[in-house]
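Colleague: mind folding the following:
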Amino acid sequence: MSARQLWAVLALIVLCFVTVTAQSADQDTAEQWLERMIGATRTLSYEGVFVYIQGQDIEIMAITHRYREGREQQRMYSLTGPRREILVDNGHVICVFPDQHFAFELSRFDRSPFPISFPRELSKLHHGYHFELLPEERMLDRTTLKVAVRPRDDMRYGYYLWLDKETGLVLRSALVDHSGRFVEQLLFTHIVIGADIAPERLAPSQQSQAVLDTVTLQQKQPKPNDGVQPRWQASELPTGFTQVMHQRHGDGEQTPTTEQLVFSDGLATVSVFIEEFTSQPLLIGASRMDAVNTYGVVINDRYQVIAVGEVPLKTVASIAASVTPVTDP
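Modeller: Sure, this is the predicted structure:
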């Protein structure tokens with residue numbers, strides 16, 4: 001081998017090494033920005049207005065978020081459509097619907113706060129997604145870094161996130177299917193970051209407070225282990241999905257017994273409901289509403305199984321079809 005050939009080979013090796021190193025650095029940088037996003041969403045004070053788009057439905061929401069001396073508080077309320085309000089205080093969440101005179105609470109909340117819900121531990125996502133840093137874009141007259149959360153298979157959707165370069169806050173997000181179509185979007189139209197927010201701005205509206213004064217809050221999220229053993233199981237799950245919750249509703253006498261199993265890959269969630277029916281099953285086959293897919297099957301001509309989630313149709317179909325009894329139901 002001549003000296004010229006040797007240098008050419010060495011140059012090629014160096015080029016390959018630099019390319020691999022750059023790709024690895026991009027991956028690390030994308031993950032670091034997602035970590036920064038999770039921290040910024042929690043520890044910065046900000047207020048603004050965002051638009052939530054799902055199919056042909058558009059909702060406009062206002063949000064006020066305050067972090068001081070380790071305490072995180074947030075108030076989010078609708079500006080269009082039926083009134084609803086979401087109050088967050090250190091992971092405790094209360095949802096109020098004044099027009100329906102109804103409220104419920106979520107006592108367990110281990111994800112980043114609204115409006116973008118993301119797991120606090122990104123390591124939970126590595127089996128199902130990989131992260132990529134894309135070119136900068138301008139939004140609200142601010143520079144954003146665009147991060148792609150790409151699924152590793154066709155059993156889950158992906159995300160695009162536009163993060164404020166100065167603070168890491170999400171200014172826009174999009175849920176993306178495998179054809180590249182945006183099936184759901186969130187877009188801030190106005191935001192003030194670092195605002196000095198008075199505590200009273202986080203108090204519920206008069207209409208919401210009137211509801212909270214007169215109703216008993218209903219617990220809508222069960223404890224992760226309620227001590228009741230499941231009667232049903234999913235024998236096959238897509239890669240990365242695990243069962244994260246189980247609950248049984250009804251007493252089987254005055255109200256039908258419904259078994260609920262919840263599966264998640266850390267970002268996407270699928271709920272499965274199993275109930276005995278006496279006349280006709282509620283759903284056989286597929287149903288879709290915007291990003292939410294639903295699939296129903298019948299077991300032994302007696303039990304209705306319905307799987308629902310913001311995932312591709314094949315995901316809910318495969319999970320529903322794999323449900324089997326643990327013991328004689």
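Colleague: show me the helices in the stretch 201-329 of the chain, by range?
Modeller: 206-214, 313-321 (DSSP state H, counting those that start in this stretch).
Colleague: can you check the stretch 51-200 of the chain too?
Modeller: With DSSP H, counting those that start in this stretch as the criterion, the stretch 51-200 of the chain has no helices.
Colleague: worst average pLDDT in the helices of the stretch 201-329 of the chain?
Modeller: Mean pLDDT across these is lowest at helix 206-214; the value there is a mean of 92.
Colleague: with G168 as the reference, measure out to the residue nearest the centre of the chain.
Modeller: Centroid-nearest residue in the chain, with C-alpha atoms, centre = their mean: S117, separated by 4.5 Å. Counting by C-beta to C-beta, to the nearest Å, the gap from S117 to G168 is 16 Å. Glycine gets a C-beta too; all of them are placed from N, C-alpha and C.
Colleague: equivalent analysis for R75, please.
Modeller: In this view, R75 and G168 are 21 Å apart by C-beta to C-beta.
Colleague: now swap in L212 and tell me
Modeller: Separation of L212 from G168 (C-beta to C-beta) stands at 33 Å.
Colleague: who has more neighbours, those two?
Modeller: Neighbour totals were compared for L212 and G168, and G168 leads with 20 against 15 (other C-beta atoms under 10 Å).
Colleague: ok so, going back, which one of the helices of the stretch 201-329 of the chain lies closest to L261?
Modeller: Closest of the helices of the stretch 201-329 of the chain to L261 is helix 313-321, at 8.9 Å (criterion: C-beta to C-beta).
Colleague: what's next to the closest one, contact-wise?
Modeller: Helix 313-321 is contacted from outside by 154-156, 234, 236-238, 241, 263, 268, 270, 272, 286, 288, 293-297, 305-309, using C-beta atoms under 8 Å, 6 or more residues apart in numbering.
Colleague: one more time with 7 Å
Modeller: Residues from elsewhere that reach helix 313-321, judged by C-beta atoms under 7 Å, 6 or more residues apart in numbering: 154-156, 234, 236-238, 263, 270, 272, 286, 288, 293-297, 305, 307-309.
Colleague: and it, how far out from the chain middle?
Modeller: Computed by C-alpha atoms, centre = their mean, to the nearest Å, the separation of helix 313-321 from the middle of its chain amounts to 19 Å.
Colleague: give me the low-pLDDT residue ranges for this structure?
Modeller: Applying pLDDT under 70 to the chain picks out residues 1-28, 107-115, 218-228, 250-255, 328-329.
Colleague: outline the domain layout of it.
Modeller: Following automatic domain parsing, one gets these domains for the chain: 11-219, 232-325.
Colleague: what about the strands in the stretch 1-150 of the chain?
Modeller: Listed in chain order, the strands of the stretch 1-150 of the chain (DSSP state E, counting those that start in this stretch) span 46-54, 57-68, 71-78, 85-89, 92-97, 102-106, 129-139, 142-151.
Colleague: ok, the fourth one: who's next to it in the sheet?
Modeller: In its sheet, strand 85-89 lies beside strand 71-78 (antiparallel), strand 92-97 (antiparallel), with partners assigned from DSSP bridges.
Colleague: tell me which residues in that strand are buried?
Modeller: Across strand 85-89, burial judged by 16 or more other C-beta atoms under 10 Å covers 85-88.
Colleague: ok, the fifth one next?
Modeller: Of all the residues in strand 92-97, those buried under the rule 16+ other C-beta under 10 Å are 93-97.
Colleague: can you check the second one too?
Modeller: Neighbour counts over strand 57-68 (16+ other C-beta under 10 Å) mark 59, 61, 63-67 as buried.
Colleague: nearest to Q280 among those residues?
Modeller: Nearest to Q280, judged by C-beta to C-beta, of the buried residues of strand 57-68 is E59 at 34.0 Å.
Colleague: what's opposite the spatially closest residue to that closest one that is not a sequence neighbour in the beta bridge?
Modeller: Once flanking residues are discounted, E59 sits nearest to Y52: 4.6 Å by C-beta to C-beta, 6 or more residues apart in numbering. Beta-bridge pairing for Y52 (DSSP bridges): E59, L186.
Colleague: ok, now how distant is Y52 from V147?
Modeller: Distance check for Y52 against V147: by C-beta to C-beta, it reads 20 Å.
Colleague: try S208
Modeller: Relative to V147, S208 is positioned 34 Å away (C-beta to C-beta).
Colleague: how deep is the closest residue to F188 other than its chain neighbours tucked in, by neighbour count?
Modeller: Among residues not flanking F188 along the chain, F50 sits closest, at 4.5 Å (C-beta to C-beta, 6+ apart). F50: 24 surrounding residues under other C-beta under 10 Å.
Colleague: same check, this time on the one 3 residues further on
Modeller: I53 has 16 neighbouring residues, counting by other C-beta under 10 Å.
Colleague: spit out the contact partners of it.
Modeller: Contacts of I53 (C-beta under 7 Å, 6+ apart): 184-185.
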